[in-house]
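Below is the structure, and that's it, no one-letter string:
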């Protein structure tokens with residue numbers, strides 16, 4: 001086992017520098033030392049990237065939520081500034097030389113989506129001998145021991161000759177931290193929908209009865225991935241743009257005999273949906289962007305991995321359309337038709 005593997009933590013920022021900076025504040029309090037953080041800004045066009053540089057310089061402070069920090073063991077004091085960083089353009093990171101700076105800020109000239117933004121970070125990490133990459137949503141806050149627990153769990157699995165590929169963490173609600181948001185996800189192929197395992201259970205739940213099944217997956221808010229997995233399975237599929245990429249990655253890994261797991265000692269607090277205007281679960285507050293990709297990608301992933309369920313998935317979209325009408329979201333009906341058309345053009 002490696003005594004102190006090199007970890008690259010990857011955050012994708014989109015128009016939400018305050019959440020990203022708060023996440024960074026918690027990451028730079030980790031008790032694990034051998035890591036770097038890559039922040040990929042997905043062409044925010046609202047000054048987010050400049051604000052992140054200003055935060056690193058000590059000129060743009062984070063607004064800490066006093067209620068959250070009083071209820072959790074996460075320390076609310078700001079880290080010392082300035083934070084040394086390197087600045088890259090996503091088009092010119094190939095061959096980029098890294099020094100001792102722990103923070104790498106990468107500016108993308110276009111919005112690459114969830115997978116594309118993370119893949120930029122993964123390529124940079126693997127080019128610099130990463131042992132692991134930790135794909136972490138920017139609207140999260142981590143406990144200081146979380147990375148130590150993730151590394152230890154993965155290294156133990158290697159020692160036991162298990163082909164663990166992706167490791168999840170215990171996701172807790174940022175705004176209600178005594179309750180679980182998810183420990184894993186469960187995909188339901190009949191309707192191409194998902195549920196969260198552990199949803200709304202008390203944070204202290206031991207989950208002794210947990211059994212990971214074939215259609216379970218690691219929730220994309222926190223995916224701790226071995227470099228070997230990425231090299232053998234490949235990067236995340238970018239055609240989805242938003243939603244279902246993690247399920248695709250897990251299914252492709254399973255085809256190469258990789259398994260998934262969850263480290264229940266690693267506590268991650270997640271705000272959920274802050275960057276895209278509502279989560280995939282929050283149908284009443286979904287942005288049009290969120291709604292489009294959640295409908296489109298149901299069909300894409302079904303065609304790719306569950307083709308025998310394609311007909312019932314099409315039928316389930318009738319219920320989706322009916323729900324939009326019931327909520328008087330009449331403008332979403334053309335969006336559903338657009339999503340159907342887009343899914344048929346998919347090359348996956």
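Ah, there it is. Here the structure is a predicted model, which is why all the values come from computation and not from measurement.

contacts and neighbour counts: CA atoms only from here.
Will do.

wait, what's in contact with residue 219?
Counting by CA atoms under 8 Å, 6 or more residues apart in numbering, residue 219 touches 168, 182-185, 246.

what do you get if the cut-off is 6 Å, keeping everything else the same?
By CA atoms under 6 Å, 6 or more residues apart in numbering, the contact list for residue 219 reads 184-185.

mind checking how far it is from residue 327?
28 Å (CA to CA, to the nearest Å).

What number of residues are in the vicinity of residue 173?
The tally of other residues near residue 173 (other CA atoms under 10 Å) stands at 21.

hey, where'd the strands end up in the stretch 151-300 of the chain?
Counting by DSSP state E, counting those that start in this stretch, the stretch 151-300 of the chain has these strands, from start to end: 164-173, 176-182, 184-188, 193-197, 216-217, 222-226, 259-270.

Mean pLDDT and distance to residue 86 added to these, as JSON lines?
Listed next are the strands of the stretch 151-300 of the chain as JSON lines, based on pLDDT from 0 to 100; distance: least, CA to CA, whole Å:
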{"stretch": "strand 164-173", "mean pLDDT": "98", "distance to residue 86": "28"}
{"stretch": "strand 176-182", "mean pLDDT": "97", "distance to residue 86": "34"}
{"stretch": "strand 184-188", "mean pLDDT": "98", "distance to residue 86": "34"}
{"stretch": "strand 193-197", "mean pLDDT": "97", "distance to residue 86": "37"}
{"stretch": "strand 216-217", "mean pLDDT": "98", "distance to residue 86": "34"}
{"stretch": "strand 222-226", "mean pLDDT": "98", "distance to residue 86": "23"}
{"stretch": "strand 259-270", "mean pLDDT": "98", "distance to residue 86": "26"}
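
Tabulate the ones you listed (TSV), appending distance to residue 122.
Below are the strands of the stretch 151-300 of the chain laid out as TSV (distance: least, CA to CA, whole Å):
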stretch	distance to residue 122
strand 164-173	14
strand 176-182	24
strand 184-188	22
strand 193-197	26
strand 216-217	20
strand 222-226	10
strand 259-270	19
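
Residue 37 touches residue 101, doesn't it?
No. With contact defined as CA atoms under 6 Å, residue 37 does not count as touching residue 101 (9.3 Å).

out of the two, which sits in the busier spot?
residue 37 (23 against 12).
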